[in-house]
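J.: predicted model, plus sequence, below.
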Amino acid sequence: MIRKTLYHSQSGKQNQNASQHNKQSDMRIPGHRPDKNRGQTATTGAKSQDRLDALINKATALDVHKAQTLNTSRYTASRQNLRIIPMGGVEEVGENLTVFEYGDDIIVVDMGLAFPDETMPGIDYIIPDTKWLEENKRRIRGVIITHGHLDHIGAIPYILPKLGDPPIYTMPLTAGFIKKRLEEFGLLGRSRINVLSKDDVLALGNFKVRFFGLNHNIPDSIGLSIVTPVGQVIYATDWKFDHTPADGKPSEFQKIAKFASEGVTLLMSDSTNAEKPGYCMSERDLGLTIDRTFSDIKGRIIFATFSTNISRVQQVFNAAAKYNRKVIVTGRSLVNNIEIALSLGYLKIQPKIIIKSEQAKKYPDNQIVVLTTGSQGEDAAGLARIARGDHKTIKLKTGDTAIVSASPIPGNERAIAAVLSNLTRLGAHVIYNKILDIHTSGHAHQEELKLMIALTRPKFFMPIHGEHHMIVRHAELGESMSIPKENIFSLDNGQILEISSAGTAKATEDSKIASGYVFIDGLGIGDVGEVVIRDRQVMAQDGMFVVIMTLDRRNGKLVNQPDIISRGFIYMKGNDDLIREVKHEVRKLVESKGKEKLEPNWAYLRNVVRDEIGEYLYQKTERRPMILPVVIEV
């Protein structure tokens, strides 16, 4: 097998050599059976390369550059330590973004988003704070994306333009998803998307990056071997060891063992299921469960999963075809991802199995499957709209069975429960994980996590990807595998793991590196901060109370009675006495300030009314609404 190295420097000759080398690389087409004599001639590799390039270009119109020119790193003597900075993903599930810095070079791994919880009203998404990266964007040599889930690619349209649109390196399916997301934001073409194979080797300044296949619930998931001047880092996020995965491609144990034989300075590994004992259920076993469930259900099936869970989508189509059911796909993101996966050969379905919702009337209910999104209770997703009865084309009825194939992301439990309750109120039978093993995680359980540690035998260990209690449990697993406690680092977002050429490691902090959340609210990026969130929380909990005062601008006296507006605090018509008392209190406050015979100071008056009326209402109701005093001058 010929390995392909992508070189990046100012030398055109070096790029030309790399390009010639690329053409000889063994690139496999999904679903294509490799020739028995592969690798014996450059012609065979070139034909295979051409077929893959043609498929990718035709299907997704990706800007494929196998040898992009970048400035070679300028080695800086004062930066002789490797610095690893998790900017997201080590205090939450999602928002994954990790920075590797050595000398004058920076590489970024993943750019994900996270979903808000109930304490963040009105927020659509959360992304990492990348101000420090923006200030150092000239040193970014590339962005490597490990797979196509939103918690790893979702923030790309928000962050990439701020970083000067550095090149992206990833696998074909992930590249297709990224291309579509950039297209939706009008950003396609600004950054080069370099499509890799698992046997490629990237040279990005001081970093040499190699890849190995890992199992997840989406194809093309990869782990990284990052070779640096201070040692090798194995980066494994969102993975499990599945010997019988849906796509038939187990994790590349032989590569992990080979890289481990060279010595592993640091292992960074997924912590999502570090608290769950044993092994994660195989996708094959789940496929059998889905098959049995489809065979038992006599009515219509509504099946909800993540739009990027291509493995689950494949299993639904397999079961639907076996039991002579047509599939209605609803949800824009799901439709887009199915189209991309089909075009690249990662999804295989029977011809004419997909129908439009309008055609469903031609078939009995026992021949219909509705495949939709919304497994996390998202308000705008297909399942939630069906559960509320306001979906345009899918109306729930008695005899339907709703299957939710997903594990709740922490913080989404209440939203999911509300959707499930609405489904049952409309007469549907609901199947989810607590009732039947209808979902298997894409994240390793404890025994698999220990196996990864045993395979790599790292000197240092850094658990990643998970909430703090998950990361702490993973650290304890590492200690049980004989990694010294002082060599295990459980960091927070924005902290730094610094590894020296002398073989020492320490956790440090840099005041220049921020670690807060950036909130996405509609078209706004970062314009909603913690103060705004706190205001929304107050209004959501105790409502708002508006006091409108019409004042004479010359003497500061009330022209007429104050007006009161209450929203979410009290019902105005049922609390006449309280409203009358508040108006009296406001009049007393205004008159007392008017006696001072000073120039009217409306800002001061508003503050006084806010504080005094807020305290008065608390004494009367033991609630603290948001007080909004309004002054109108006449």
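T.: On my side now, so go ahead. Numbers count the residues shown, from 1 in each chain.
J.: so where is this protein shaky, pLDDT-wise?
T.: 1-79, 121, 434-435, 522-534, 536, 593-600 (pLDDT under 70).
J.: hmm, 80 instead?
T.: Applying pLDDT under 80 to the chain flags residues 1-79, 117-123, 407-412, 433-437, 515-516, 521-542, 553-556, 571-574, 593-602, 634.
J.: show me how it divides into domains.
T.: Listed by automatic domain parsing, the domain ranges of the chain are 4-52, 81-278+442-521, 283-431, 543-633.
J.: which of those is buried the deepest?
T.: Most buried of the domains of the chain, by mean neighbour count (mean count of other Cβ atoms under 10 Å): domain 81-278+442-521, with a mean of 21. Where C-beta positions appear, they are placed from N, C-alpha and C, glycine not excepted.
J.: for that one, what is the distance to the chain centroid?
T.: 12 Å (Cα atoms, centre = their mean, to the nearest Å).
J.: likewise for stretch 372-384?
T.: That offset, for stretch 372-384, works out to 16 Å (Cα atoms, centre = their mean).
J.: pull it out as PDB, backbone CA atoms only.
T.: Listed next in PDB are the C-alpha coordinates belonging to stretch 372-384 (Å, rounded to 0.1, in the frame of the first residue of the first chain):
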ATOM      1  CA  THR A 372     -37.900  12.400  10.500                       C
ATOM      2  CA  THR A 373     -35.700  14.500  12.800                       C
ATOM      3  CA  GLY A 374     -36.400  15.700  16.300                       C
ATOM      4  CA  SER A 375     -35.100  12.900  18.500                       C
ATOM      5  CA  GLN A 376     -33.900  15.600  21.000                       C
ATOM      6  CA  GLY A 377     -37.200  17.300  21.300                       C
ATOM      7  CA  GLU A 378     -36.200  20.300  19.100                       C
ATOM      8  CA  ASP A 379     -39.100  22.600  18.800                       C
ATOM      9  CA  ALA A 380     -38.800  23.200  15.100                       C
ATOM     10  CA  ALA A 381     -38.000  19.600  14.100                       C
ATOM     11  CA  GLY A 382     -40.300  17.200  12.300                       C
ATOM     12  CA  LEU A 383     -41.200  15.000  15.300                       C
ATOM     13  CA  ALA A 384     -42.200  18.000  17.600                       C
END
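J.: closest one to Gln537 among the domains of the chain?
T.: domain 81-278+442-521 (6.5 Å; Cβ to Cβ).
J.: state the distance from Val230 to Gly263.
T.: If you measure Val230 against Gly263 using Cβ to Cβ, to the nearest Å, the figure is 11 Å.
J.: sorry, back to before: go through the domains of the chain and name the closest to Asp535.
T.: Taking those one by one with Cβ to Cβ, domain 543-633 is closest: 6.6 Å.
J.: first-to-last residue distance for the closest one?
T.: 27 Å (Cα to Cα, to the nearest Å).
J.: with stretch 227-245 instead?
T.: First residue to last in stretch 227-245 (Cα to Cα) measures 29 Å.
J.: need the domains of the chain in a markdown table with distance to Asp535, can you?
T.: As requested, the domains of the chain are exported to a markdown table (distance: least, Cβ to Cβ, whole Å):
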| stretch | distance to Asp535 |
| --- | --- |
| domain 4-52 | 47 |
| domain 81-278+442-521 | 10 |
| domain 283-431 | 20 |
| domain 543-633 | 7 |
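J.: where do the helices sit along the stretch 501-634 of the chain?
T.: 530-542, 576-594, 602-621 (DSSP state H, counting those that start in this stretch).
J.: er, the stretch 201-350 of the chain actually
T.: 253-261, 283-296, 310-322, 332-343.
J.: packing partners of whichever helix or strand comes after the last one?
T.: Same thing as helix 332-343. Using DSSP states H and E, the helix or strand that follows helix 332-343 in sequence is strand 368-372. When contacts are defined as 3 or more Cβ pairs under 8 Å, 6 or more residues apart in numbering; DSSP states H and E, strand 368-372 packs onto strand 301-304, helix 310-322, strand 326-329, helix 382-388.
J.: for the third one, packing partners?
T.: Same thing as strand 326-329. helix 310-322, strand 368-372.
J.: ok, now the first one?
T.: Based on contacts counted as 3+ Cβ pairs under 8 Å, 6+ apart, the elements that strand 301-304 packs against are strand 368-372, helix 382-388, strand 401-404.
J.: in JSON lines: the helices of the stretch 501-634 of the chain, plus distance to Glu118.
T.: As requested, these are exported to JSON lines (distance: least, Cβ to Cβ, whole Å):
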{"stretch": "helix 530-542", "distance to Glu118": "9"}
{"stretch": "helix 576-594", "distance to Glu118": "29"}
{"stretch": "helix 602-621", "distance to Glu118": "24"}
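J.: between these, which gets nearest to Lys557?
T.: Of all the helices of the stretch 501-634 of the chain, helix 576-594 comes closest under Cβ to Cβ, at 5.5 Å.
J.: got the angle for the closest one vs helix 602-621?
T.: 150 degrees (axes from the mean of the first three to the mean of the last three Cα atoms, to 10 degrees).
J.: any idea how far helix 576-594 is from the chain center?
T.: That offset, for helix 576-594, works out to 51 Å (Cα atoms, centre = their mean).
J.: what lies in contact with that helix?
T.: With Cβ atoms under 8 Å, 6 or more residues apart in numbering as the contact definition, helix 576-594 has outside contacts at 547, 549, 551, 555-558, 561-562, 564, 570, 572, 604-605, 608-609, 612-613, 616-617, 620-621.
J.: redo that, cut-off 7 Å
T.: 547, 549, 555-558, 561-562, 564, 570, 572, 605, 608-609, 612-613, 616, 620 (Cβ atoms under 7 Å, 6 or more residues apart in numbering).
J.: appreciated, that's everything.
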